[in-house]
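Chemist: Got a predicted structure plus its sequence, pasted below:
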Amino acid sequence: MEINNFEEPIKTNILNWLNGPLDETTKTEILKLLKENPQELKEAFLHNLSFGTAGARGLMGVGINRFNIYTIRAMTQGLANYLIKQKINKPVVIGFDNRNNSNLFAKEAARVLSGNNIKTFLFKELRPSPIVSFTCRYKKCAAAIMITASHNPPKYNGFKVYWQDGAQIIPPHDKGIIEEVKKITNWQDIKLSELNSKLIIYLNEEMDNAYLKSLETLKTNKQQKELKIVYTNLHGTGITMIPKALNNWGFSEIFFVEEQKTTDGNFPNAPIPNPEDPQALQLGLKLLQEKKADLLIATDPDADRIAIAIQHDEKQYIFNGNQIACLLFNYILQYSTRKKNDAIIKSIVTTELLKEMAKQNNIACFNVLTGFKYIAELMEKWQQDKSYQFLLGAEESYGYLVEDFVRDKDSISAACFLSSYAEIAKKENKNLLDILHEIYKKYGLYQEDLLSLKFDDTKEGYDKMNSIMQTLRTTPPKTIANIAITSIEDYKTQNTSLPKTDMLIFNLSDMSKIIIRPSGTEPKMKIYLNTVEKNFTTIDEGITICQNKLKILKNTLKAML
């Protein structure tokens with residue numbers, strides 16, 4: 001195919017790269033795609049890589065719509081321009097995960113920042129996202145960059161931006177940075193230094209030790225540890241910090257899933273490197289059984305999310321994200337020092353059991369929109385106005401924070417808390433599932449499920465999704481599965497304590513709750529189902545009742561929508 005056969009602006013975008021001051025390898029790859037895969041070339045130059053409120057994430061490759069050294073430079077230049085306009089004369093810290101090119105992209109970002117006369121702390125080796133957040137606060141930086149695509153497939157990478165509080169960017173800074181990134185249209189707009197610039201300072205273990213020292217202050221269980229732990233980092237960054245942290249907390253019997261231990265960006269033994277996916281845990285579960293260990297811990301590539309599993313009655317039990325949140329909260333309730341103005345924060349789609357636990361213990365519980373940046377935003381407000389003391393932040397998608405010196409999900413501290421709880425339970429001839437059942441008996445049996453409806457990635461697909469939301473708003477049903485709807489919360493049209501967003505909540509007469517929200521980034525509608533049973537004779541009976549309710553609600557909604 002000839003370049004002239006491409007429509008505008010794709011044609012101009014391609015020629016801009018072929019005629020620009022780019023390396024020959026990139027230009028050769030463009031010509032190769034032109035010959036062998038023109039459709040891929042079209043997609044790569046269709047539009048600029050989308051930089052949004054959480055930074056950017058996408059496929060790696062040549063082109064303006066792909067992650068490469070040139071798009072990384074442009075995004076970093078936009079951030080640098082915003083910091084300069086805001087007259088913020090502080091350093092920026094950069095970290096990276098195990099993905100292919102992450103180290104390279106981190107170095108390119110450092111070259112841009114130092115080229116703009118901005119002092120830069122660059123991690124010499126890969127580190128978890130929470131360590132980058134911690135460093136941003138510890139070093140009193142203006143901002144931080146984490147090169148990661150979290151648990152996306154191997155072909156992806158990402159550019160995550162934190163503000164000076166160590167939290168992901170929020171208004172007005174997110175919009176300000178986005179606008180500056182959009183303005184970078186010429187190669188001449190980007191300033192570059194060499195990697196040996198005096199403004200680039202490499203970080204080794206200094207921040208590890210500072211973080212571990214802070215984490216040490218949270219230790220409550222100082223008895224001899226006998227817990228046997230299996231740990232898998234799913235080829236990711238967790239291997240650099242979690243073993244150290246667990247050792248510091250007295251856990252010495254740690255068995256590694258060797259097949260998943262290498263920090264390999266191709267994820268050879270974890271094709272879907274997501275601890276939420278049971279498939280990613282299979283090797284860990286096998287080792288758990290072989291070693292007769294007490295606890296399996298798994299973390300995602302940038303080690304902000306955590307999953308756990310145990311052996312129980314000769315079977316393996318994987319805890320879901322809501323259950324882990326409740327275990328962490330119960331541990332804090334039992335073993336942490338309490339204050340009068342304690343409060344927890346959860347995403348609005350996270351289990352209502354947390355709210356009930358908080359209520360019965362006279363602790364405030366706040367809902368925020370999905371996205372850990374909203375939890376961090378409230379934490380920062382409390383730090384400023386002293387209105388509440390932060391105890392826990394939780395998202396049902398396996399993200400937790402149990403301390404205030406980090407402002408992002410942190411699997412490292414969560415691993416220490418959960419291991420300590422498992423150790424205490426073991427000394428009482430119990431395990432974490434027994435603890436969870438005790439929570440159910442005390443507060444009620446809460447169960448959740450998720451229904452995800454996918455639509456065509458076309459205008460028609462998005463129109464259909466929006467039409468369903470509009471119909472639910474204008475002519476909502478009076479019952480769902482023959483259960484009366486007692487109230488409807490519309491976060492798009494009604495005045496609520498949260499920012500406006502396209503989300504509906506249906507509260508049912510049996511205390512069930514249905515939350516419906518379209519994804520902002522893909523043609524998908526997520527429906528969160530929550531139900532509760534307060535009256536049950538046995539745990540198994542209560543779970544069966546709840547699961548039957550959830551199944552009926554799920555099938556009804558599938559038929560309705």
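Modeler: Looks like it arrived, so ask away. Numbers count the residues shown, from 1 in each chain.
Chemist: Every contact and neighbour count from this point should use C-alpha atoms.
Modeler: Fine.
Chemist: So, low pLDDT: which residues of the stretch 151-300 of the chain?
Modeler: 223-224 (pLDDT under 70).
Chemist: how about the helices of it, start to end?
Modeler: 173-182, 206-216, 242-248, 282-290 (DSSP state H, counting those that start in this stretch).
Chemist: Same check on the stretch 1-150 of the chain?
Modeler: Using DSSP H, counting those that start in this stretch, helices in the stretch 1-150 of the chain cover 10-18, 24-36, 38-44, 69-85, 102-115, 129-138.
Chemist: now residue 349: how far from residue 289?
Modeler: Distance of residue 349 to residue 289, given as Cα to Cα, to the nearest Å: 33 Å.
Chemist: meant to ask about residue 111, not that
Modeler: Note on residue 111: its distance to residue 289, by Cα to Cα, is 48 Å.
Chemist: still on that earlier bit, can you lay out the helices of the stretch 1-150 of the chain as a markdown table showing distance to residue 345, mean neighbour count and mean pLDDT?
Modeler: Shown next, in a markdown table, are the helices of the stretch 1-150 of the chain (distance: least, Cα to Cα, whole Å; neighbours: other Cα atoms under 10 Å; pLDDT from 0 to 100):
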| stretch | distance to residue 345 | mean neighbour count | mean pLDDT |
| --- | --- | --- | --- |
| helix 10-18 | 45 | 18 | 95 |
| helix 24-36 | 46 | 15 | 96 |
| helix 38-44 | 40 | 18 | 95 |
| helix 69-85 | 29 | 22 | 97 |
| helix 102-115 | 32 | 24 | 98 |
| helix 129-138 | 18 | 26 | 98 |
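Chemist: Residue 355 is nearest to which of those helices?
Modeler: Nearest of these to residue 355, taken as Cα to Cα: helix 129-138 at 25.6 Å.
Chemist: Which residues does the closest one contact?
Modeler: Outside helix 129-138, the residues that touch it by Cα atoms under 8 Å, 6 or more residues apart in numbering are 92-96, 142-146, 162, 164-167, 207-208, 211, 302-304, 405-411.
Chemist: Narrow those residues to those in strands?
Modeler: If you go by DSSP state E, these have 92-96, 143-146, 162 in strands.
Chemist: can you list the residues you listed in JSON lines and add distance to residue 470 and neighbour count?
Modeler: What follows is these, written out as JSON lines (distance: Cα to Cα, whole Å; neighbours: other Cα atoms under 10 Å):
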{"residue": "92", "distance to residue 470": "44", "neighbour count": "28"}
{"residue": "93", "distance to residue 470": "44", "neighbour count": "30"}
{"residue": "94", "distance to residue 470": "43", "neighbour count": "29"}
{"residue": "95", "distance to residue 470": "42", "neighbour count": "29"}
{"residue": "96", "distance to residue 470": "41", "neighbour count": "31"}
{"residue": "143", "distance to residue 470": "39", "neighbour count": "27"}
{"residue": "144", "distance to residue 470": "39", "neighbour count": "29"}
{"residue": "145", "distance to residue 470": "38", "neighbour count": "28"}
{"residue": "146", "distance to residue 470": "38", "neighbour count": "27"}
{"residue": "162", "distance to residue 470": "35", "neighbour count": "29"}
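Chemist: got those as CSV, with distance to residue 70 columns?
Modeler: Below are the ones in strands among the contacts of helix 129-138 laid out as CSV (distance: Cα to Cα, whole Å):
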residue, distance to residue 70
92, 20
93, 20
94, 17
95, 18
96, 17
143, 21
144, 19
145, 16
146, 17
162, 21
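Chemist: quick one: which two of those residues are the most distant?
Modeler: Spanning the widest gap among the ones in strands among the contacts of helix 129-138 are 96 and 143, at 14.7 Å by Cα to Cα.
Chemist: quick one, phi/psi of residue 292?
Modeler: Per-residue torsions, residue 292: phi 50, psi 40 (degrees, to the nearest 10).
Chemist: Neighbours of it, how many?
Modeler: 14 (other Cα atoms under 10 Å).
Chemist: Over to residue 282?
Modeler: Residues lying near residue 282 (other Cα under 10 Å) number 12.
Chemist: Just give the number of residues close to the closest residue to residue 214 other than its chain neighbours.
Modeler: Closest residue to residue 214 apart from its sequence neighbours, by Cα to Cα, 6 or more residues apart in numbering: residue 405 at 7.7 Å. If you count neighbours by other Cα under 10 Å, residue 405 ends up with 18.
Chemist: just the one 3 residues further on next, same as before
Modeler: Other residues near residue 408 come to 28 when the count uses other Cα under 10 Å.
Chemist: now it: how far from residue 182?
Modeler: 26 Å.
Chemist: What of residue 41?
Modeler: In this view, residue 41 and residue 182 are 22 Å apart by Cα to Cα.
Chemist: do the same with residue 66
Modeler: Distance, residue 66 to residue 182, by Cα to Cα: 15 Å.
Chemist: which one of those two has more residues nearby?
Modeler: Set residue 66 next to residue 182 and count neighbours by other Cα under 10 Å: residue 66 wins out with 24 against 15.
Chemist: next one: phi and psi at the more buried one?
Modeler: Here is the backbone geometry of residue 66 (degrees, to the nearest 10): phi -140, psi 160.
Chemist: That one contacts residue 46, correct?
Modeler: No. If you go by Cα atoms under 8 Å, residue 66 and residue 46 don't touch, sitting 10.1 Å apart.
Chemist: and residue 427, how many neighbours?
Modeler: Neighbours around residue 427, by other Cα under 10 Å: 12.
Chemist: ah, wrong one, I meant residue 90
Modeler: Using other Cα under 10 Å, residue 90 has 16 other residues around it.
Chemist: excluding its backbone neighbours, what's nearest it?
Modeler: Of all residues not flanking residue 90 in the chain, residue 142 sits nearest, at 5.0 Å (Cα to Cα, 6+ apart).
Chemist: That neighbour is in contact with residue 86, isn't it?
Modeler: No. Residue 142 lies out of contact with residue 86 (Cα under 8 Å); the separation is 10.3 Å.
Chemist: Which one's more surrounded, those two?
Modeler: Neighbours were counted for residue 142 and for residue 86 using other Cα under 10 Å; residue 142 has more, 20 against 11.
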